[in-house]
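Engineer: need a structure here:
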Amino acid sequence: AEKSIESSTPASSTSSSSTKDEAIKEATKETKSTTSKLRDVVPTPTDIGPLLPDEFKGSIFDNINLIFKDNSGKDVTADNFKADGTIDFQYAWSLPNRLNDDYQLKDGDYYTFSLPKNIGYRIGTGSLGDYGDYEIRSDGTVKFTFKNIGSVENIKGTFFYKQSTIVTDQPGQTTIDIPTKDGNYKADIVIKPSGGEDIAKAGSLNKDNHNPSQIFWDVTINTNGNHLKNAIVSDAFPEGNTYSSVIVKPLVLDMKGDVISEGTPLSPDVDYTVDASGTVKFIGKYADTYQAFRVSYTTNINENKKPNDGGQVIFDNKATLTNGDKVTRAGAEVTANYGSLLSKTYDGIDQAGSQVFNWHIDYNAGEKLLPAGASIVDSLDGDQVFYKEPVLTGNDNQPIDTSLYNISYSDDHKTMTVTFPKGIDKQVKIAYQSQVTVPIGDDGKTILTNKVKSGDTETDANSGEVRSQGLYKSIANDGIDYANRTVT
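Structural biologist: Okay, the predicted model is just below:
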């Protein structure tokens, strides 16, 4: 029993020892397996932005280089960049192996930044060279993901982004702003329209081109967005025009150089000067500018240019923009139409009979400014005399105020004079009648002639052939008394 116990004890002991060894082996295998799995886990990528040294100012960029190109790919300067051009960006970057908090850069770590808000971008990916790749996202942010770090002490590279466009709906000055280790890199750009011109001119007339008294000349400058320095606008107004006034307004353009709207008028003697002939010189903040302007002149048409006989008058001239050594010109032409000073028309036999005839005179149909004392003298020929008082109306058919004119007659009532003591600047229609005081010819017909004169202008009118009206009497139906054989 004891052996048995003894034997059993070692046996039991042996058995027990073997079980412990196997447990230890299993535990060792499990530990090794867990360690192996931990070693196989990829470290979590870290955003290194918050870990950058303070002197980096939150940026990994050492310097920025921008290359401006026109739409043909030719290099241009930042102040001569057109809206349809492109910009190539070059961001030079560098990083130490160790960052703040003794953090060691590792593969998979990343850095994000935003592209300038005023440039266009395309979603995409690309290589940063040996040490990274980049991704441009839809919100304009860029992610650098680093690789092949190993034990490299310092890494660096260049991020190229080509053929970017400027995002704006108006030309003019703008700034590209990019954070760097030395502070913000700022590039001032002048975006020029893809079209436009140095100078253009247009003219228009008041009064819808009928008897105009003024011309409006619009001189539009710099819609192509050039650099203006102490610019001068002058206008050689056409003969027969007198300078009256000028208004200067800045213009809002689209990217093609077309005018969208006009701004608030500039202030004379603050933003520009103007001399007695209308020459405008830009001063103050507009002495050095890329702004487009509209210089709007008003000229008065001299009375001696309005023809007494009526008809067309053509006015044409050129305006000049002087910008340093560069001089450019643009012309415009307008055609004015005028009525005649004096005309007379025969309007026919008056239906009331008594050998009365109707006439009218159109006076000052060109609406000239006639001087005080301007007058019309109308003369009747033959056995005609003036009959009743004339009626004077304007071109709106409303009566002319009787205080504006006087009427007098010769003793024989064959000459009528209409005088305007204060002068007149509107068209006047004078409707009047004449009467032949003797029977018309043995053959019952004749031709009547009238002449009218104002200053050096004279015209006449004739009736054509007119016939004697004879004598007739009409009786109303209720005026006949058949029973008594009488009429009343």
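Engineer: just checking, Phe144 touches Tyr134?
Structural biologist: Yes. The pair Phe144 / Tyr134 is scored as a contact, 5.4 Å apart, by C-beta atoms under 8 Å. The C-beta positions use only the backbone N, C-alpha and C, and glycine is treated the same way.
Engineer: so what's in contact with the two at the same time?
Structural biologist: Common contact partners of Phe144 and Tyr134 (C-beta atoms under 8 Å, 6 or more residues apart in numbering): Leu128, Phe159.
Engineer: and the gap between Gly203 and Glu239?
Structural biologist: According to C-beta to C-beta, to the nearest Å, Gly203 and Glu239 sit 15 Å apart.
Engineer: and what of Gly311?
Structural biologist: 17 Å.
Engineer: out of these two, which sits in the more crowded spot?
Structural biologist: Between Gly311 and Glu239, Gly311 has the larger neighbour count (other C-beta atoms under 10 Å), namely 13 against 9.
Engineer: What are the neighbouring residues in contact with the more buried one?
Structural biologist: Asn337, Tyr338.
Engineer: So what sits opposite it in the bridge?
Structural biologist: Tyr338 (DSSP bridges).
Engineer: Compute the distance between it and Thr415, please.
Structural biologist: Counting by C-beta to C-beta, the gap from Gly311 to Thr415 is 30 Å.
Engineer: what does His360 give?
Structural biologist: From His360 to Thr415 the distance is 17 Å (C-beta to C-beta).
Engineer: Comparing the two, which residue is more hemmed in?
Structural biologist: Shown here are His360 and Thr415; by other C-beta under 10 Å, His360 has more neighbours (19 against 16).
Engineer: So what are the sheet partners of the helix or strand hosting the more buried one and their directions?
Structural biologist: Using DSSP states H and E, His360 sits within strand 356-363. The pairing partners recorded for strand 356-363 under DSSP bridges are strand 342-349 (antiparallel), strand 428-436 (antiparallel).
Engineer: Ile176: which of these is closest?
Structural biologist: Closest to Ile176 of these is strand 428-436 (C-beta to C-beta; 68.4 Å).
Engineer: CA atoms of the following helix or strand past the closest one as PDB?
Structural biologist: Per DSSP H and E, the first helix or strand lying C-terminal to strand 428-436 is strand 445-454. C-alpha atoms of strand 445-454 as PDB (Å, rounded to 0.1, in the frame of the first residue of the first chain):
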ATOM      1  CA  LYS A 445     -60.900 132.200-111.400                       C
ATOM      2  CA  THR A 446     -57.600 133.500-110.200                       C
ATOM      3  CA  ILE A 447     -54.300 132.600-108.400                       C
ATOM      4  CA  LEU A 448     -53.600 134.100-105.000                       C
ATOM      5  CA  THR A 449     -50.000 134.700-103.800                       C
ATOM      6  CA  ASN A 450     -48.700 135.500-100.400                       C
ATOM      7  CA  LYS A 451     -45.200 136.300 -99.200                       C
ATOM      8  CA  VAL A 452     -43.700 136.000 -95.700                       C
ATOM      9  CA  LYS A 453     -40.400 137.100 -94.400                       C
ATOM     10  CA  SER A 454     -38.400 136.800 -91.100                       C
END
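Engineer: Could you give me the buried positions within strand 445-454?
Structural biologist: Across strand 445-454, burial judged by 16 or more other C-beta atoms under 10 Å covers Thr446, Leu448, Asn450, Lys451, Val452, Lys453, Ser454.
Engineer: hang on, isn't the third one packed against Gly382?
Structural biologist: No. In this structure Asn450 lies outside contact range of Gly382 using C-beta under 8 Å: 9.9 Å.
Engineer: so how far is the first residue of stretch 79-99 from its last?
Structural biologist: 40 Å (C-alpha to C-alpha, to the nearest Å).
Engineer: For that stretch, the averaged confidence score.
Structural biologist: Stretch 79-99 shows a mean pLDDT of 92.
Engineer: how far away is Phe420 from Trp217?
Structural biologist: Relative to Trp217, and taking C-beta to C-beta, Phe420 is found at 32 Å.
Engineer: likewise Ser94?
Structural biologist: On the measure of C-beta to C-beta, Ser94 and Trp217 end up 61 Å apart.
Engineer: ok, back up a step: Phe420 and Trp217: which has the busier surroundings?
Structural biologist: Trp217 (25 against 22).
Engineer: tell me the contacts of that one?
Structural biologist: Listed by C-beta under 8 Å, 6+ apart, the contact set of Trp217 reads Lys201, Ala202, Gly203, Asp235, Phe237, Ser296, Tyr297, Thr298, Thr299, Ala319, Ala332.
Engineer: any idea how far it is from Lys326?
Structural biologist: 22 Å.
Engineer: Thr320 in helix, strand or coil?
Structural biologist: strand (DSSP: H, G, I helix; E, B strand; the rest coil).
Engineer: Touching, it and Lys326? I think so.
Structural biologist: No. The criterion here is C-beta under 8 Å, and Thr320 misses it with Lys326 at 10.9 Å.
Engineer: Which one of the two is surrounded by more residues?
Structural biologist: Thr320 (17 against 11).
Engineer: what pairs with that one across the strands?
Structural biologist: Bridge pairing for Thr320 - DSSP bridges - gives Ser234, Arg329.
Engineer: cool, Asn184 as well?
Structural biologist: Bridge pairing for Asn184 - DSSP bridges - gives Pro179.
Engineer: can I assume it is in contact with Asp177?
Structural biologist: Yes. Shown here, Asn184 and Asp177 form a contact pair, counting by C-beta under 8 Å, at 5.5 Å.
Engineer: shared neighbours of those two, which are they?
Structural biologist: With the criterion set as C-beta under 8 Å, 6+ apart, the contacts of Asn184 and Asp177 do not overlap.
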